[in-house]
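Undergrad: Sequence and computational prediction follow.
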Amino acid sequence: MSRPLHRGVLGGGRPSGNIQDYVEDSQKKVKTDKEDLDKSSKLPSDYASLSLRNPFQFLFSDNSSSKQDTIENGILVSDPLTSIRNRHMLTLLFLKVTLVAIVILGLSMSFLWTISLTTTSKGQMIRGYRRLQEQLVSDLWDIGELSLGSTKFKESEFCSLESENFVPCFNITENLEMGFTEGKEYDRHCGPMSKQNCLILAPPKYKIPHRWPTGRDVIWIDNVKITAQEVLSSGSLTKRMMMLDEDQISFSFASSMVDDNIEDYSHQIAEMIGLRNESYLVQAGVRSVLDIGCGYGSLGAHLFPKQVLTMCIANYEASGSQVEIALERGLPAMIGSFASKQLPFPSLSFDMIHTAWDGVEWDKKDGVHLIEVDRVLRPGGYFVWTSAYANTQARDKQNLKRWDFVRNFAKDLCWDLLSQQDKTVVWKKPSKKTCYASRKHGSGPLICKEGHDVELPYYHPLESCIGGTRSHRWIPIEERSTWPSRASLTSKELSVHGVLADDFMEDNLNWRSLVRDYWSLLSPLIFSDHPKRPGDEDPIPPYNMVRNVLDMNAHFGGFNSALLDAKKSVWVMNVVPTTGVNHLPLVLDRGFVGVLHDWCEAFPSYPRSYDMVHADGLLSLETNKQSRCSLLDLFFEIDRLLRPEGWVILRDTSALIESARGITAKLKWEARVVEIDSNNDEKLLVCQKPFLRSQINTI
């Protein structure tokens with residue numbers, strides 16, 4: 001289990017006193033350190049004019065740096081003389097051969113030694129041997145990097161300007177050329193060319209987003225790939241919800257959506273379910289909502305103060321993206337297309353699924369999209385569908401045919417039609433399984449066989465059978481604890497996931513302590529040296545400095561839970577790596593949002609999506625699994641997802657943290673290693689991404 005941090009212990013040394021004293025001493029060296037950083041910068045002269053407003057600068061500066069230190073951090077200065085280069089390569093070859101010999105000898109001696117050990121001493125040997133293994137991995141990594149020569153250690157290059165908004169694995173043009181059609185061109189296809197080992201610069205006029213909750217309603221137009229013409233266009237109801245005001249886009253809940261404002265629309269949905277208004281959704285068991293084609297997140301923004309958490313998914317869009325704008329507003333969102341593949345969520349994940357004017361052809365492909373909705377919808381959950389097909393006043397023959405298919409197929413899925421008003425229909429998924437057996441023979445999709453009903457649906461092909469009915473998690477939403485009690489699962493609910501109540505409680509307590517220590521560490525860094533931006537009031541420490549949080553190895557979702565317990569106004573994307581234990585069903589059952597992901601592939605989100613990236617034990621997980629990608633690939637992906645001035649907190653073994661620290665120099669991050677305590681072989685790597693942006697072409 002994780003242990004709390006010891007405050008005031010920074011870097012490789014152990015300064016005495018608390019962190020405040022250390023910060024005060026460090027601030028006296030800001031000016032000198034800043035000059036040293038400017039001298040050592042390798043950016044072109046055009047970039048030198050950019051002021052890196054960096055609250056970590058006084059902490060990250062290291063006046064004792066030397067050429068040798070630089071080499072230890074993973075940066076090798078090339079020597080132009082051929083003779084020296086040859087000697088260098090011979091030295092590396094000698095080091096490799098020596099290391100292999102040492103490893104072989106060490107393993108042989110270790111085997112002979114193990115035979116003579118008693119049972120008591122074996123445990124101590126195994127723990128020590130594991131640390132040696134981890135150090136060996138780190139050493140092999142460093143030597144492998146050195147053997148690639150000086151070109152490998154040049155500072156990372158910047159991506160082309162076309163990459164400012166590009167998301168790997170979602171190249172529609174390339175997919176069309178490869179023959180993908182009928183919506184499959186919007187699916188993700190991660191090939192060898194998907195990796196981008198370069199740094200994506202922010203757009204020329206990029207600005208740090210407004211703090212929450214202002215950022216929910218006002219965003220900078222230059223931060224997203226959308227033109228003023230697209231904003232002013234009247235071709236889309238969702239785009240008419242936005243108002244262009246000089247260099248900002250404003251969102252209003254009173255704007256038009258489905259011929260009513262968003263408040264009236266959400267109120268209508270609640271009434272159709274049988275509730276007084278949307279404030280009673282939580283009491284009815286609705287905590288998590290999947291919004292398909294979310295229209296820039298306006299429904300989610302309205303429901304968030306009601307304690308309803310809405311995840312937006314929409315196709316990749318090169319411009320005017322719903323997902324990108326929702327994330328810019330500080331709302332949960334990710335790129336998601338289920339034209340041919342299942343969504344990366346386990347069965348029975350959401351209490352409500354909403355879709356309005358989404359463009360999905362629900363009546364095509366034998367209703368397979370409706371089957372996928374049924375798979376991720378919890379028993380007793382609601383499917384809210386707003387479409388021109390459902391408009392009883394304006395149906396032509398084609399729309400009537402489509403409506404009849406959807407209505408009849410929903411009946412075959414055992415959905416109960418609760419209400420229909422104008423263009424909106426609400427169905428309720430059955431709470432009990434008896435309906436499936438009572439259907440007429442041959443009517444509707446069959447129940448999935450055991451081998452086809454999986455809890456790890458990482459972009460599997462869409463299934464034409466009803467999934468989730470065999471799951472032990474089949475619990476109707478009305479029988480689950482309401483929010484916020486749902487975040488603390490009962491012993492019975494934990495037993496479904498194979499987790500002991502004591503382990504779950506200990507995990508929660510540890511994360512509460514860790515979050516307090518994280519904020520104790522970050523708060524003085526943020527507020528003691530961060531310049532006050534024009535028009536900003538003094539910030540209220542420290543929760544509103546961070547809104548979008550990515551937890552790359554979520555475990556039980558304890559980091560998310562601790563942030564909420566600490567009253568941080570954040571939302572967390574809980575990612576469960578496909579290389580680890582699948583705790584995503586547990587995370588989702590707690591009322592959080594999350595997704596399965598393979599970190600050797602690009603995450604389905606736009607550049608500059610998150611204010612903070614956190615990972616506990618991810619480096620060990622990926623290294624032990626001997627992934628097909630390197631740590632360098634992983635860090636480039638983190639840099640892509642992180643906003644300028646964003647934070648990275650990595651917790652892992654000392655050897656891997658030290659290796660990772662060398663990589664951060666290539667990415668131009670400011671980084672510092674934090675010791676946890678002398679009895680723990682783990683360390684913390686705290687980083688901040690600088691604010692580097694593209695230049696405007698003045699030619």
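TA: Cool, got the structure. Residues are numbered from 1 along each chain as shown.
Undergrad: N175: what's its closest spatial neighbour, skipping adjacent residues?
TA: E185 (4.1 Å; CB to CB, 6 or more residues apart in numbering). Where you see a C-beta, it was placed from the backbone N, CA and C, and this is true even at glycine.
Undergrad: Distance-wise, check that neighbour relative to V360.
TA: Per CB to CB, to the nearest Å, E185 is found 15 Å from V360.
Undergrad: how many neighbours does Y436 have?
TA: 17 (other CB atoms under 10 Å).
Undergrad: Helix, strand, or coil at it?
TA: helix (DSSP: H, G, I helix; E, B strand; the rest coil).
Undergrad: Can you classify I219 by secondary structure?
TA: Per three-state DSSP, I219 ends up strand.
Undergrad: I249 is in contact with that one, correct?
TA: Yes: the criterion here is CB atoms under 8 Å, and I219 meets it with I249 at 5.3 Å.
Undergrad: joint contacts of the two?
TA: I325 (CB atoms under 8 Å, 6 or more residues apart in numbering).
Undergrad: so which helix or strand takes in the spatially most central residue of the chain?
TA: Residue closest to the average C-alpha location in the chain (CA atoms, centre = their mean): L550, at 3.9 Å. For L550, the enclosing helix or strand under DSSP states H and E is strand 548-551.
Undergrad: Neighbouring strands of that strand in the sheet, and parallel or not?
TA: strand 571-577 (parallel), strand 610-616 (parallel) (DSSP bridges).
Undergrad: rewinding a little: so the residue nearest to the centre of the chain touches H597, yeah?
TA: No: with contact defined as CB under 8 Å, L550 does not reach H597; the gap is 10.2 Å.
Undergrad: Overlap in contacts, those two.
TA: Counting by CB under 8 Å, 6+ apart, the shared contacts of L550 and H597 are 575, 603.
Undergrad: returning to what we had before: any idea how far S495 is from the residue nearest to the centre of the chain?
TA: As judged by CB to CB, L550 and S495 stand 30 Å apart.
Undergrad: what do you get for S678?
TA: S678 is 38 Å from S495, by CB to CB.
Undergrad: again, but for K668
TA: Per CB to CB, K668 is found 48 Å from S495.
Undergrad: same thing with R640?
TA: Distance from R640 to S495, counting by CB to CB: 39 Å.
Undergrad: burial count for N679?
TA: 6.
Undergrad: again with V576
TA: 27.
Undergrad: That one is in contact with G594, isn't it?
TA: Yes: assessed by CB under 8 Å, V576 is found in contact with G594 at 6.3 Å.
Undergrad: Find the residues that touch each one of the two.
TA: Taking CB under 8 Å, 6+ apart as the criterion, V576 and G594 both touch 554, 584, 587.
Undergrad: from the residues you listed, which single one is nearest I657?
TA: The nearest member of these to I657, counting by CB to CB, is A554 at 19.7 Å.
Undergrad: check contacts around the closest one.
TA: Applying CB under 8 Å, 6+ apart, the residues near A554 are 560, 572, 574-576, 583-584, 587, 594.
Undergrad: Just the element for it, please.
TA: Following DSSP H and E, there is no helix or strand that holds A554.
Undergrad: how far off strand 610-616 does the longest strand anywhere in the chain point, in degrees?
TA: Longest strand in the chain by number of residues, with DSSP state E as the criterion: strand 642-653. Calculated by axes from the mean of the first three to the mean of the last three CA atoms, to 10 degrees, strand 642-653 forms an angle of 10 degrees with strand 610-616.
Undergrad: Low-confidence ranges, the stretch 251-400 of the chain, go.
TA: Within the stretch 251-400 of the chain, the stretches with pLDDT under 70 are 253-260, 392-395.
Undergrad: and stretch 406-420, average pLDDT?
TA: The average pLDDT within stretch 406-420 is 96.
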